[in-house]
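*Asks:* okay, here's the prediction I keep looking at, along with the sequence it came from:
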Amino acid sequence: MIRYVATALLLVSALPAQGHVTPPEGFSPLLVGKGLTGWRGRPHLDPKKEAAMSPEKRAKQQAKWNADRDAHWRVENGEIVNDGKGVFLTTEKEYEDFEFTFEYKTVAKADSGVYLRYIPQVQIWDTTEAGGKWNLGADKGSGALWNNKRYANRPLHHADRPFGEWNSLRIRMVGSRVSVWMNDKFIVDDTILENYFDRNRPVPTRGAIQLQTHGGEIRWRNLFIREIGADEANRMLAKRASTAFESVFNGKDFSGWAGPTHTYEVDNGAIRCRAGAGGTIYTKATYDDFVARLEFKLPPGGNNGLAIRYPGSGDTAYIGMCELQVIDHTHKKYANLKDWQVHGSAYGMAPAHRGFLRPAGTWNFQEVTVKGSTITVELNGYVILETDLSKIDKPFSGNAHAGRTRTEGHFGFAGHNDPVSFRHVRIKRL
């Protein structure tokens, strides 16, 4: 749980007493001038369907949406005002990881929210009994990920102010993980936002912010946004529920490691496979159930792997529980890679979702949870693999993968001749 709040963000939390203010350091305003420059109209719509439109159809449709926007949205005294009808107000710019702060004020029986990367939503609604939606959870308060079904969809606290008063919201999104502060109260704790339009796949890595309208006037002001870079995102993901993790690499040498360590080197605090070399190095300690967290950096076309419950010899992809792929599957030389060979996959057995690797040369954050025969891989805040290896009777590779039911073994790196780097390697026993 991350409870750190920077000075700039404390200023944002004080907005209700200040009215219209200038952006805190690092933030940019989303309302510039007297009009809706930088915003377009757009309804509730699967982003894949919009992306599939031809340029001509999309331009024609956008003109209709903007006409609808202009009929129901306006700027008044530095506030965005909606009459409770029409399409949603949508940023023209799309965002990856970000922090978004704003204030809103609404009326009785209104229902609204904020779509994140086109995905619904951080809920805003009438939380009184008279509002008529206690049966849907409105009594618990606004600010939570109401459309979630698997992960939490209620706030930790009821933090809404009475009608007629401004509420402040701070939303942080890193990968698919969302945290929310409402009126200075921490109400959503790094919860995964589910992909409403395709619950079998993580949310998009990039998308617009949408202000929803639904049934009553709502006003918005002091809308500021700050984009979060990869290094900061990694630090945030690493701090999440970080107790009980122990470092298994000291950043200086291979103390505590075994195997062909001469085929690896330590460079600027990271383990790096030597170019043209390989083999599996592994922790001297063994693990049954555990969570591993680490950062890795791939050169263009780089290939390596995580050895899971490795016995200390042999090919971990078959003799260990598995090898989790660490590979730049975006490189042209891997154009014909099988689904079960892409990054994050349990090689030969279970394919991971594509599309969540950062560009080669950038540090990625990965978390691997091994519990019993199950493995979960989270990459840069997105769950890309959830599998139970005990249920895989016919591996895609056509091989036996005899070690897939192993209950204990070492953790390590399976090099394949490329200078792939790893750092901040930590493990928590379960």
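*Replies:* Sure thing, it's come through.
*Asks:* wait, is H158 part of a helix?
*Replies:* No. Using DSSP: H, G, I helix; E, B strand; the rest coil, the assignment for H158 is coil, not a helix.
*Asks:* what residues are up against it?
*Replies:* If you count contacts by Cβ atoms under 8 Å, 6 or more residues apart in numbering, H158 has them with T127, D139, K140, G141. For glycine as for every other residue, the C-beta is placed from the backbone atoms N, C-alpha and C.
*Asks:* what strand or helix carries L237?
*Replies:* helix 230-239 (DSSP states H and E).
*Asks:* name the helices or strands packed onto that helix?
*Replies:* Contacts defined by 3 or more Cβ pairs under 8 Å, 6 or more residues apart in numbering; DSSP states H and E place helix 230-239 against strand 167-174, strand 290-297, strand 364-371.
*Asks:* so after that helix, what's the next helix or strand?
*Replies:* Toward the C-terminus, helix 230-239 is succeeded by strand 246-247 as the next helix or strand (DSSP H and E).
*Asks:* packing partners of that following strand?
*Replies:* Using 3+ Cβ pairs under 8 Å, 6+ apart, the elements in contact with strand 246-247 are strand 421-429.
*Asks:* quick one: average confidence on the strand it packs on?
*Replies:* What strand 421-429 shows for mean pLDDT is 98.
*Asks:* tell me the domain ranges of the protein?
*Replies:* The record's domain parsing of the chain by automatic domain parsing lists 7-228, 243-429.
*Asks:* turn the ones you listed into CSV, including distance to N234.
*Replies:* Shown next, in CSV, are the domains of the chain (distance: least, Cβ to Cβ, whole Å):
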stretch, distance to N234
domain 7-228, 9
domain 243-429, 4
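*Asks:* out of these, point me to the one whose mean pLDDT is lowest.
*Replies:* Note on the domains of the chain: domain 7-228 shows the lowest mean pLDDT, a mean of 92.
*Asks:* neighbours around T127, how many?
*Replies:* A count of nearby residues for T127, using other Cβ atoms under 10 Å, gives 20.
*Asks:* and if you look at V122?
*Replies:* Neighbour count of V122, defined by other Cβ under 10 Å: 27.
*Asks:* and if you look at K140?
*Replies:* A count of neighbours around K140, defined by other Cβ under 10 Å, yields 19.
*Asks:* adjust the sequence numbering to begin at 18 for everything that follows.
*Replies:* All right, first residue 18 from here; so that's K157.
*Asks:* where does the closest residue to it other than its chain neighbours fall, phi/psi-wise?
*Replies:* Spatial nearest neighbour of K157, excluding adjacent residues (Cβ to Cβ, 6 or more residues apart in numbering): R171 at 4.6 Å. The phi/psi pair for R171 (degrees, to the nearest 10) reads phi -130, psi 150.
*Asks:* and G273, by the same measure?
*Replies:* Torsion angles, degrees, to the nearest 10, at G273: phi 90, psi 0.
*Asks:* which residues touch it?
*Replies:* Residues in contact with G273 (Cβ under 8 Å, 6+ apart) are V265, F266, N267, T300, K301, A302.
*Asks:* tell me the buried residues within those.
*Replies:* Buried members of these, counted by 16 or more other Cβ atoms under 10 Å: V265, F266, T300.
*Asks:* distance of N99 relative to A225?
*Replies:* Plainly put, N99 is 17 Å away from A225 if you go by Cβ to Cβ, to the nearest Å.
*Asks:* next secondary structure after the longest helix along the chain?
*Replies:* When the chain is parsed with DSSP state H, its longest helix is helix 72-89. Next helix or strand after helix 72-89 toward the C-terminus (DSSP H and E): strand 90-93.
*Asks:* who touches that next one?
*Replies:* Contact with strand 90-93 is made by L48, K51, G52, L53, W56, G58, I97, V98, N99, G103, L106, T230, as judged by Cβ under 8 Å, 6+ apart.
*Asks:* give the contact list for F313.
*Replies:* Residues in contact with F313 (Cβ under 8 Å, 6+ apart) are N321, V343, W380, N381, Q383, V437, S438, F439, R440.
*Asks:* got the contacts of G273 as CSV, with distance to E211 and secondary structure columns?
*Replies:* Below are these laid out as CSV (distance: Cβ to Cβ, whole Å; DSSP: H, G, I helix; E, B strand; the rest coil):
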residue, distance to E211, secondary structure
V265, 32, coil
F266, 34, coil
N267, 38, coil
T300, 34, strand
K301, 40, strand
A302, 35, strand
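*Asks:* thank you, goodbye.
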